[in-house]
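Engineer: Got a predicted structure plus its sequence, pasted below:
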There are 2 protein chains.
Amino acid sequence: MEKFNVGILLFDDVEVLDFTGPFEVLSRTRTVPGAESRRSEDAAPFRVFTVAKTKQKIRAIGDLIVEPRYSFADAPRIDILVVPGGWGSRTAMQDAEVLAWVKNVATTARYTSSVCTGALILARAGLLAGRRATTHWAAYDLLASLDGGVKVVRNARVVKDGVFTSAGVSAGIDMAFALVEEICGRAVADETAHYIEYARH
Amino acid sequence: MEKFNVGILLFDDVEVLDFTGPFEVLSRTRTVPGAESRRSEDAAPFRVFTVAKTKQKIRAIGDLIVEPRYSFADAPRIDILVVPGGWGSRTAMQDAEVLAWVKNVATTARYTSSVCTGALILARAGLLAGRRATTHWAAYDLLASLDGGVKVVRNARVVKDGVFTSAGVSAGIDMAFALVEEICGRAVADETAHYIEYARH
């Protein structure tokens, strides 16, 4: 099976569930139902990995320490880009190297997505101009202020308008399932939700 | 504010959301509502950290690489023990050092809990004898076979019977909220769910 490469961006003060929700969903998706198919990667449509500026350890919010799998310099081709949020997005959205990388990856990725305030980074990279998009409820106004062209959708859980964006934190799980459904169909998304015992929104 | 120390056990092939769900919920709980209170630890009732046998890097399922904050040897007092599951629980449940540590911590902890197949580890440590408990749907029979005294509750999301146990993977988020509600009250749990945009079960 040809697999989609999923690159999840990491940075200091990333919100834990923002990146681990999509990591869980996409890394545990299988096109064969049941628990046994989860014991190998054979029926996995996605190959999920983390990427950061460098391979230095990342300190996520709450001091969870994660080692990025790849740096910007050695990351493989990314078919699906996931940009999480968290307080660290306020720094990342002003980091020219991060913005250039995100913009560059999005140019060739088949899907670009964000969770929570990851949308701020996408907006600053110019990827939300003219699009409908959402973010954490505490950041609606900030997102709207960044880019005159973004149409901020309030009180939506997942917004698909070329780019996939989601509401805060746990909504990234639903965003990931929206990607699974788009690529693998409804049955695969629903069966994976059953496997991780998640009631999709 | 006196804080509860929350120790989350890590081991190789731990399921990502099993441990990051409770990490997210407990580390982002605040007794003061709103986004601003999340910028510091002042109103945080929990101090959350990961613990493993050693400080060697842990490879969670899907190859997420996490560095444990503490080893068994240097972990501080644990008030709330969280034992996640995942395929690695099958190895951890046969590891005498892990079982002895879990049993010892549970003796002095105020709360002992598991997510998903973490219940297998608690059962093997003798902590579920005579109690109602649940686990991932694929492990009901295995849990029942481990310990004649455990009353396996099927199709429950969270079971509280001295020990807090939960169904699979994402149900650990609800288990964590059950702990928050027990310790800090319903309003704090609901406000934290609102902050991470999670619809509690």
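Structural biologist: All right, it came through fine.
Engineer: all strands of chain A, in order?
Structural biologist: Assigned by DSSP state E, chain A shows strands spanning A:4-9, A:46-52, A:58-60, A:64-67, A:70-71, A:80-83, A:111-114, A:132-133, A:151-152, A:158-161, A:163-166.
Engineer: which one of those lies closest to chain B?
Structural biologist: strand A:64-67 (4.1 Å; Cβ to the nearest Cβ). To be clear about C-beta, it is placed using only N, CA and C from the backbone, and glycine gets the same treatment.
Engineer: right, is that closest one up against chain B?
Structural biologist: Yes. Counting by Cβ under 8 Å from any Cβ of the partner chain, chain B is contacted by strand A:64-67 at A:64-67.
Engineer: CSV for the strands of chain A, including mean pLDDT and mean neighbour count?
Structural biologist: Shown next, in CSV, are these (pLDDT from 0 to 100; neighbours: other Cβ atoms under 10 Å in any protein chain shown):
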stretch, mean pLDDT, mean neighbour count
strand A:4-9, 98, 24
strand A:46-52, 98, 23
strand A:58-60, 98, 22
strand A:64-67, 98, 20
strand A:70-71, 98, 14
strand A:80-83, 98, 29
strand A:111-114, 98, 26
strand A:132-133, 98, 22
strand A:151-152, 96, 18
strand A:158-161, 98, 19
strand A:163-166, 98, 28
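Engineer: Save those as a markdown table, and put in distance to residue A:141 too.
Structural biologist: Formatted as a markdown table, these follow (distance: least, Cβ to Cβ, whole Å):
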| stretch | distance to residue A:141 |
| --- | --- |
| strand A:4-9 | 24 |
| strand A:46-52 | 28 |
| strand A:58-60 | 25 |
| strand A:64-67 | 29 |
| strand A:70-71 | 34 |
| strand A:80-83 | 20 |
| strand A:111-114 | 17 |
| strand A:132-133 | 14 |
| strand A:151-152 | 8 |
| strand A:158-161 | 17 |
| strand A:163-166 | 16 |
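Engineer: Quick one: closest of these to residue B:3.
Structural biologist: strand A:64-67 (17.1 Å; Cβ to Cβ).
Engineer: partners of that closest one in the sheet?
Structural biologist: Here strand A:64-67 is paired, per DSSP bridges, with strand A:58-60 (antiparallel), strand B:64-67 (antiparallel).
Engineer: tell me the contacts of the closest residue to residue A:76 other than its chain neighbours?
Structural biologist: With sequence-adjacent residues excluded and distances taken as Cβ to Cβ, 6 or more residues apart in numbering or on different chains, residue A:76 is closest to residue A:5, at 5.8 Å. By Cβ atoms under 8 Å, 6 or more residues apart in numbering or on different chains, residue A:5 lies in contact with A:46-47, A:49, A:76-80.
Engineer: With residue A:174 instead?
Structural biologist: Contacts for residue A:174 (Cβ under 8 Å, 6+ apart) come out as A:157-158, A:166, A:200-201.
Engineer: Without its sequence neighbours, what residue ends up closest to the residue most central in space within chain A?
Structural biologist: Residue closest to the average C-alpha location in chain A (Cα atoms, centre = their mean): residue A:82, at 2.6 Å. Nearest residue to residue A:82, sequence neighbours excluded (Cβ to Cβ, 6+ apart): residue A:8, at 4.5 Å.
Engineer: can you tell me how far that neighbour sits from residue A:179?
Structural biologist: Per Cβ to Cβ, to the nearest Å, residue A:8 is found 12 Å from residue A:179.
Engineer: Mind listing the shared neighbours of those two?
Structural biologist: Contact criterion Cβ under 8 Å, 6+ apart; residues shared by residue A:8 and residue A:179: residue A:22.
Engineer: sorry, back to before: tell me who's in contact with the residue nearest to residue A:82.
Structural biologist: The contact partners of residue A:8, taken as Cβ under 8 Å, 6+ apart, are A:19, A:22-23, A:48-51, A:82, A:84.
Engineer: Name the nearest of those relative to residue B:71.
Structural biologist: Taking Cβ to Cβ as the measure, residue B:71 sits nearest to residue A:50 out of the contacts of residue A:8, at 23.6 Å.
Engineer: ok, now how distant is that closest one from residue B:18?
Structural biologist: 18 Å.
Engineer: just residue A:159 next, same as before
Structural biologist: Residue A:159 sits 29 Å away from residue B:18, taking Cβ to Cβ as the criterion.
Engineer: now swap in residue A:171 and tell me
Structural biologist: On the measure of Cβ to Cβ, residue A:171 and residue B:18 end up 20 Å apart.
Engineer: Of those two, which one has the most company?
Structural biologist: Set residue A:171 next to residue B:18 and count neighbours by other Cβ atoms under 10 Å in any protein chain shown: residue B:18 wins out with 34 against 26.
Engineer: What's the per-residue pLDDT of residue A:127 here?
Structural biologist: On the pLDDT scale, residue A:127 is placed at 97.
Engineer: Please report phi then psi for it.
Structural biologist: The phi and psi values for residue A:127, taken as degrees, to the nearest 10, are phi -90, psi -10.
Engineer: In contact with it, which residues?
Structural biologist: A:102-103, A:106, A:112, A:163.
Engineer: who's in contact with residue A:171?
Structural biologist: Residue A:171 touches A:115-116, A:157-158, A:201, B:197, counting by Cβ under 8 Å, 6+ apart.
Engineer: Could you rerun that using 10 Å?
Structural biologist: Residues near residue A:171 by Cβ atoms under 10 Å, 6 or more residues apart in numbering or on different chains: A:17-18, A:21, A:115-116, A:134-136, A:156-158, A:165, A:201, B:196-198.
Engineer: Tell me the one among those nearest to residue B:96.
Structural biologist: Within the contacts of residue A:171, the smallest distance to residue B:96 is 33.1 Å, found for residue A:17 (Cβ to Cβ).
Engineer: Touching, that closest one and residue A:115? I think so.
Structural biologist: Yes. Using Cβ atoms under 10 Å, residue A:17 and residue A:115 qualify as a contacting pair, with a distance of 8.5 Å.
Engineer: Quickly list what's touching both of the two.
Structural biologist: Here residue A:17 and residue A:115 have A:84, A:86, A:168-173 as joint contacts, going by Cβ under 10 Å, 6+ apart.
Engineer: Please identify which two of those residues are farthest apart in space.
Structural biologist: Farthest pair in the shared contacts of residue A:17 and residue A:115, by Cβ to Cβ: A:86 and A:173, 15.3 Å.
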